[in-house]
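Novice: Need coordinates for the following:
(one chain, ligands or ions: 1)
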Amino acid sequence: MSSSPTQQTIPQAIAHTQQRINEACQASGRNTKEVLLLAVSKTKPLSDVMEAYNHGQRHFGENYLQDALDKIEHCPHGDIEWHFIGAIQSNKTKSIAANFDWVHTLDRDKIARLLSQHRPAHLPPLKVLIQVNISQEANKNGVALEQLNKLVEQVLQLPNLSLCGLMCIPAAGQSEATQSQAFNAMATARDQLKATYAHIEQLSMGMSGDLNGAIACGSTMVRVGTDIFGARNTL
Ligand SMILES: *Cc1c(COP(=O)(O)O)cnc(C)c1O
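Specialist: Below is the predicted model of the structure:
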């Protein structure tokens, strides 16, 4: 288990997390540069984001649109990449398409079409990842693995989306072996897509508690909140 982040400053916690990433990469013979650290700043104030930014952090993940917009508008523009990692409702697609660089939680055609339709013309295509419900949990977001190829084909038709990879949140409270099975299934799905579409290469998986296992199985983006910013606030 990682040490309590509350005793560290945010820059120290980022350095510590980066160290964990480096060690996990080393242990599985991977290059550290293959794994991007996404700082998940949901519920955290602008001052926390700016502290991380001033330490060199440039990729931030947010789940709640209004909470995110309050920060995005006050942050430096141009060199931060904002990643939407929360559940997406239709009525939020316009604002998400206009304010984010990445969406990790795409899981249905309707939302994909709305995001593409609302992506402003002056911006590059929105980078999207398809969320897979890899642990086959009832009432959980994400497309079933069996439905993945169909959604991939639909997303690839959309002019203002760029499909970059896959994302998952494995079921909580599973054994490490079960979790690795889920991560490996994701890697296999990504590899199969990548064989046909070379640009589908990202694998967004791994959070504070399961970062090592995710990296061992091929994660290219880890989404870390608690270990960087401490326990979440209520909104
Ligand atoms: C909150 C959240 C995270 C960060 O989780 P921690 O356990 O705090 O690191 C990562 N991914 C998603 C989709 C989240 O909602």
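
Novice: rest of the way, CA atoms for contacts and neighbours
Specialist: Noted.

Novice: would Arg128 count as being in a helix?
Specialist: Wrong residue type there; residue 128 is Val, not Arg. No - counting by DSSP: H, G, I helix; E, B strand; the rest coil, Val128 is located in no helix; its state is strand.

Novice: Around the ligand, which positions in the chain sit nearby?
Specialist: Applying CA under 6 Å from any ligand atom, one finds that the chain approaches the ligand through 40, 85-86, 207-209, 223-226.

Novice: ok, which stretches of the protein are strands?
Specialist: 36-40, 59-62, 81-84, 102-106, 126-131, 161-167, 202-204, 221-224 (DSSP state E).

Novice: Packing partners of the second one?
Specialist: Applying 3 or more CA pairs under 8 Å, 6 or more residues apart in numbering; DSSP states H and E, one finds that strand 59-62 makes contact with strand 36-40, strand 81-84.

Novice: So which residues make contact with it?
Specialist: 37-42, 68, 80-86, 223 (CA atoms under 8 Å, 6 or more residues apart in numbering).

Novice: cool, and the last one?
Specialist: For strand 221-224, the external contacting residues (CA under 8 Å, 6+ apart) are 35-40, 61, 202-208, 211.

Novice: can you give me the offset of it from its chain's centre?
Specialist: 6 Å (CA atoms, centre = their mean, to the nearest Å).

Novice: and that strand, C-alpha only, in PDB?
Specialist: Taking Å, rounded to 0.1, in the frame of the first residue of the first chain, the C-alpha atoms of strand 221-224 are listed here in PDB:
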ATOM      1  CA  MET A 221      -2.300   6.000 -19.000                       C
ATOM      2  CA  VAL A 222      -2.800   5.700 -15.300                       C
ATOM      3  CA  ARG A 223      -5.400   7.900 -13.600                       C
ATOM      4  CA  VAL A 224      -4.400   8.800 -10.100                       C
END
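
Novice: Tell me, how many residues neighbour the nearest residue to Pro45 once chain neighbours are set aside?
Specialist: Excluding the flanking residues, the one nearest Pro45 by CA to CA, 6 or more residues apart in numbering is Lys71, at 7.5 Å. Using other CA atoms under 10 Å, the number of residues around Lys71 comes to 19.

Novice: Including mean neighbour count, distance to Ala177 and mean pLDDT, could the helices and strands packed on strand 59-62 go into CSV?
Specialist: Shown next, in CSV, are the helices and strands packed on strand 59-62 (neighbours: other CA atoms under 10 Å; distance: least, CA to CA, whole Å; pLDDT from 0 to 100):
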stretch, mean neighbour count, distance to Ala177, mean pLDDT
strand 36-40, 23, 24, 98
strand 81-84, 23, 29, 98
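
Novice: how about the ones you listed in TSV, adding distance to Ala13?
Specialist: Formatted as TSV, the helices and strands packed on strand 59-62 follow (distance: least, CA to CA, whole Å):
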stretch	distance to Ala13
strand 36-40	11
strand 81-84	20
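
Novice: picking up where we left off before, with respect to Thr188, which of the contacts of strand 221-224 is nearest?
Specialist: Leu203 (10.5 Å; CA to CA).

Novice: if I look at the closest one, how far off is Cys217?
Specialist: 10 Å (CA to CA, to the nearest Å).

Novice: anything in contact with each of those two?
Specialist: Ala187.

Novice: okay, these two: which has more neighbours?
Specialist: Set Leu203 next to Cys217 and count neighbours by other CA under 10 Å: Leu203 wins out with 30 against 21.

Novice: hang on, the earlier thing: dump the strands of the chain into JSON lines; add distance to Leu148 as well.
Specialist: Formatted as JSON lines, the strands of the chain follow (distance: least, CA to CA, whole Å):
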{"stretch": "strand 36-40", "distance to Leu148": "24"}
{"stretch": "strand 59-62", "distance to Leu148": "24"}
{"stretch": "strand 81-84", "distance to Leu148": "20"}
{"stretch": "strand 102-106", "distance to Leu148": "11"}
{"stretch": "strand 126-131", "distance to Leu148": "8"}
{"stretch": "strand 161-167", "distance to Leu148": "10"}
{"stretch": "strand 202-204", "distance to Leu148": "14"}
{"stretch": "strand 221-224", "distance to Leu148": "20"}
